[in-house]
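Q: dropping a prediction and its sequence here:
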Amino acid sequence: MKFQYLELVVIMFESRGLDFTNLNCTSLDKTFCDFNYCYLKAENRTYKHLSLRVNLYKIPVKNFKVNIALYKRSNGLRPMSSNLTVDGCKALAGQKIPWVKFLFSLFTEHSNLNHSCPFDHDIIVDKLPAQFVFQKFNSFIPFPEGDYVFSSNWIAYGINRANVRVHVTYT
């Protein structure tokens, strides 16, 4: 009886987490940038990661902003909070606002976006694990379970150049 209870607790703990369900990458200005690849990959039942590569054609990029929105799926998409637009160069140079610092920390360890402007190379996010993102979210704020869409617009020199949407299920 004790063994079955322990097994149930382990199963409940393992079932909690974050799962990537979809990834959409769209280049809005193919003369400025384009996605070489953008995909989710499941290595096994418990390890799923996302990878993307953006080829930049007009380098160096000295000025960019990111518009971020989080939506919860519930009979359509409902905004979780208002849109937030941040200066990407300042954020990577050592932003002091905790929420912005947290958002960039979700992917900087798994990307080459680990320095401030200018960027004179392609942007790569390599094998960002869902479990890593789950641990970051879990340590930052309590979050209600559900399906979410994290949408980001990447704006360079005042023009929206690309959109990346990550769909996740948080349980």
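A: Cool, the structure landed.
Q: what stretches of the chain score poorly on pLDDT?
A: Along the chain, the parts satisfying pLDDT under 70 run over 1-16, 75-82, 95, 140-142.
Q: so who does residue 155 touch?
A: Listed by CB atoms under 8 Å, 6 or more residues apart in numbering, the contact set of residue 155 reads 64-67, 85, 161. Glycine gets a C-beta too; all of them are placed from N, C-alpha and C.
Q: among those, which one has the most neighbours?
A: The most crowded member of those, judged by other CB atoms under 10 Å, is residue 161 (22 neighbours).
Q: so that one belongs to a strand, correct?
A: Yes. Under DSSP: H, G, I helix; E, B strand; the rest coil, residue 161 falls within a strand.
Q: residue 152 contacts residue 125, correct?
A: No. When contacts are counted by CB atoms under 8 Å, residue 152 is not listed as touching residue 125 (11.5 Å).
Q: between those two, which one's more packed in?
A: Legend: neighbour count by other CB under 10 Å for residue 152 and residue 125, higher for residue 125 (20 against 17).
Q: continuing past whichever strand or helix holds the more buried one, what's the next helix or strand?
A: Assessed by DSSP states H and E, residue 125 sits inside strand 123-129. Toward the C-terminal end, the helix or strand that comes next after strand 123-129 (DSSP H and E) is helix 130-140.
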